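In: Quick one, fold the following:
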Amino acid sequence: MVRIVRLAGEDDFEGWRQAARALAGAGVPPDHVAWHVGLAGGASPLPASGAPFSVPRAFLTLAETVVRHPDPERFALLYTLLLRLRERPGLLAEGSDPLVRRLERMAKEVRQEAWRNVAATALTGTMAETSREAVGGNANAAWEAVREEARGCTRCHLYKHATQTVFGEGPVAAPLMFVGEQPGDQEDLAGRPFVGPAGQLFDRALGDAGIDRGQAYITNAVKHFKFERRGKRRIHSKPDAGEIEACRWWIEQERAILRPTLTVALGATAARSLFGKAVTITATRGRAHALPEGGEAWVTVHPSFLLRVQDDKEAEYARFVADLVRVKERLAELS
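Out: Numbering: from 1, shown residues only. Okay, the predicted model is just below:
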């Protein structure tokens, strides 16, 4: 028997959520549910709630965004994923899953369209200054909301042992974004990116290149500290592909809000996050890469590499500064 569910509107998230909870609790399979928008016409009574179960908070965020997508299959796709999460709670972190990737693409399209509408509305104002204030106000509000949402991130297992989410920082109007790998021990404790030894070296290099850190937006590909314990010490451990993919959710939201002219990937992990695939520093360093959602990406080493390198340390530092100088020059060209 096919159960007919009628939702009040095209983006009726609460209606979908209530119906999906009842149907999933009763174990109703996806192909036994027909989702319709509009209250006219018949609807099947919802089953009594079965055994309660929990899903990652990230799924609810994803669903609330996806219901605003025009794809007519969105409600059915979300319900299918809900049932699968009941059996595999970690599914959202599996970057290769086709259904998860499809829904996250849809969510990304909704966010991009929403920002385009905000910008278009603001830029049709009668005064340029008023327009800039409108855009800036909306962007700041959006960024604050995303940062607050990220505080409770459970998209992968790293949140269980980290002290806190370390979100990006800097002006939302910044045309320049730097993306690192992940917070280290000191960043995890302070709640700010690039404040440890690598961050201090990064600040020095920015100064030598003539870039004001306060005018750039600085974040990480992965927002929680991944480490191994050795006695009382917490030793950095490189994020894997699933963890990077899970955290792309936040990078995409940051980029959708900031719309930076130029984004610099510091290291291979950051480059993988931006490009959605593994790349090497050697093959990508020193040239512009167009990003599908707009803007350019440049790739260089992570400052922590300069702390580890033994041979030609000064030469490697000079090359890193030269990369930053080229970024500054390119940003001036694009501006």
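
In: Can you tell me which residue sits nearest the middle of this protein?
Out: residue 250 (1.8 Å; C-alpha atoms, centre = their mean).

In: Look up how far residue 175 lies from it.
Out: As defined by C-beta to C-beta, to the nearest Å, residue 250 lies at a distance of 20 Å from residue 175. Bear in mind the C-beta positions are built from the backbone N, C-alpha and C, glycine included.

In: next one: residue 20
Out: Taken as C-beta to C-beta, the span from residue 20 to residue 175 is 41 Å.

In: Which one's more surrounded, those two?
Out: residue 20 (22 against 18; other C-beta atoms under 10 Å).

In: Would you indicate which residues of stretch 192-210 are buried?
Out: Within stretch 192-210, the residues that qualify as buried are 192, 193, 194, 195, 196, 198, 199, 201, 202, 205, 206, 209, counting by 16 or more other C-beta atoms under 10 Å.

In: what's the answer for stretch 227-242, then?
Out: Judged by neighbour count (16+ other C-beta under 10 Å), stretch 227-242 contains these buried residues: 227, 234, 236, 239, 242.

In: Next, format the residues you listed as CSV and append secondary structure and distance to residue 102.
Out: Formatted as CSV, the buried residues of stretch 227-242 follow (DSSP: H, G, I helix; E, B strand; the rest coil; distance: C-beta to C-beta, whole Å):
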residue, secondary structure, distance to residue 102
227, strand, 33
234, strand, 37
236, strand, 33
239, coil, 24
242, helix, 17
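
In: Assumed residue 6 was part of a helix.
Out: No: Residue 6: not assigned to a helix; according to DSSP: H, G, I helix; E, B strand; the rest coil it is strand.

In: Quick check: beta-bridge partners of it?
Out: On the basis of DSSP bridges, residue 6 is bridged to residue 36.

In: and it, how far is that from residue 70?
Out: Applying C-beta to C-beta to residue 6 and residue 70 gives a distance of 19 Å.

In: ok, now how distant is the nearest residue to residue 242 once chain neighbours are set aside from residue 85?
Out: Distances taken as C-beta to C-beta, 6 or more residues apart in numbering put residue 93 closest to residue 242, at 5.0 Å, once the chain neighbours are dropped. In this view, residue 93 and residue 85 are 11 Å apart by C-beta to C-beta.

In: neighbour count winner among those two?
Out: Per other C-beta under 10 Å, whichever of residue 93 and residue 85 has more neighbours is residue 93, with 22 against 19.

In: what pLDDT does the more buried one get?
Out: Looking at residue 93, its pLDDT is 70.

In: do the one 4 residues further on as well
Out: With respect to pLDDT, residue 97 has a value of 87.

In: Begin at 52 from now on, thanks
Out: In the new numbering, first residue 52, that becomes residue 148.

In: Which residues are in contact with it?
Out: If you count contacts by C-beta atoms under 8 Å, 6 or more residues apart in numbering, residue 148 has them with residue 142.

In: Show the backbone phi and psi for it.
Out: When read as degrees, to the nearest 10, the backbone of residue 148 gives phi -70, psi 120.

In: circling back: narrow the buried residues of stretch 243-261 to those in helices?
Out: Here DSSP state H is the test, and those give 249, 250, 252, 253, 256, 257, 260 as lying in helices.

In: Can you verify my assumption that the second one contacts residue 238?
Out: To tie it back to what came earlier, the one meant is residue 250. Yes: with contact defined as C-beta atoms under 8 Å, residue 250 counts as touching residue 238 (7.3 Å).

In: Mutual contacts of these two, please.
Out: residue 244.

In: so residue 55 sits right up against residue 90, yeah?
Out: No: counting by C-beta under 8 Å, residue 55 stays clear of residue 90, with 11.9 Å between them.
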